[in-house]
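# build the 3D model from these lines:
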Amino acid sequence: MRLSPFFHELKSAYDAELDDMCSDSGGNDVLASRLLAKRDQIPSLMPMIKNYPEMGAVAFHTGINFVSGKVMDALVAREPNEFPSWATLLPSLELAGWASKLAKTVLVHPDGEQFLIVAAGLEYLHCKSDAGIPHHAGADGDDEDEEENRDQNRNDYDGDEDADSDLAEAGSDWMVEQGFDRNN
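Okay, the predicted model is just below:
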């Protein structure tokens with residue numbers, strides 16, 4: 001699966017946001033209560049969803065099931081100016097009742113539609129990367145597509161000795177962004 005630079009950048013921020021919400025300073029599991037609080041905060045978070053969508057997108061965690069992995073794979077390969085409309089994407093999703101109500105609240109905001117699309121993409125990536133959770137229903141034929149994508153990725157890097165150094169450099173850049181010194 002290919003990720004657009006947009007989703008590539010936001011995925012780690014989304015995962016970190018969820019990770020931060022999982023436990024309190026005593027190590028207690030508080031994810032459920034923090035997600036409820038985040039859902040209540042959505043109206044006050046709306047002014048920042050365009051610049052920091054991951055902060056509000058976590059409110060939809062566990063509220064979206066994916067009907068079409070192919071549609072979602074295509075979505076996360078796109079940049080925001082290439083996104084389909086929310087109405088076009090919606091048949092590929094199943095929203096929990098509370099998530100559907102929350103989506104209606106979000107859609108009132110001018111940036112709400114794009115935010116919902118981003119939230120769905122981030123939740124999809126999070127679920128897909130979590131080995132214990134099926135990433136979508138209706139996976140018929142997806143194994144062949146994934147194998148074809150892996151073969152294409154191997155072909156992209158055949159003979160590319162710089163691939164490992166690019167990965168190491170990207171890792172170093174990320175560590176610097178997190179406040180650590182560069183290890184070169």
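# can you give me the strands for this structure?
Assigned by DSSP state E, the strands in the chain fall at 64-66, 93-95.
# of these, which is nearest residue 179?
Across the strands of the chain, residue 179 has its closest neighbour in strand 64-66 (31.8 Å, C-beta to C-beta). To be clear about C-beta, it is placed using only N, CA and C from the backbone, and glycine gets the same treatment.
# give me the sheet partners of that closest one and which way each runs.
Here strand 64-66 has these sheet partners by DSSP bridges: strand 93-95 (antiparallel).
# what comes up buried for the strand it pairs with?
93, 95 (16 or more other C-beta atoms under 10 Å).
# do stretch 101-120 as well
102-103, 106, 109, 111-120.
# and of the residues you listed, the nearest to residue 93?
Among the buried residues of stretch 101-120, residue 120 lies closest to residue 93 (C-beta to C-beta), at 6.0 Å.
# pretty sure the closest one is in contact with residue 93, am I right?
Yes. With contact defined as C-beta atoms under 8 Å, residue 120 counts as touching residue 93 (6.0 Å).
# common neighbours of these two, please.
Counting by C-beta atoms under 8 Å, 6 or more residues apart in numbering, the shared contacts of residue 120 and residue 93 are residue 64.
# circling back: need the buried residues of stretch 101-120 in TSV (columns: pLDDT).
Below are these laid out as TSV (pLDDT from 0 to 100):
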residue	pLDDT
102	96
103	96
106	96
109	95
111	94
112	95
113	96
114	96
115	97
116	97
117	97
118	97
119	97
120	97
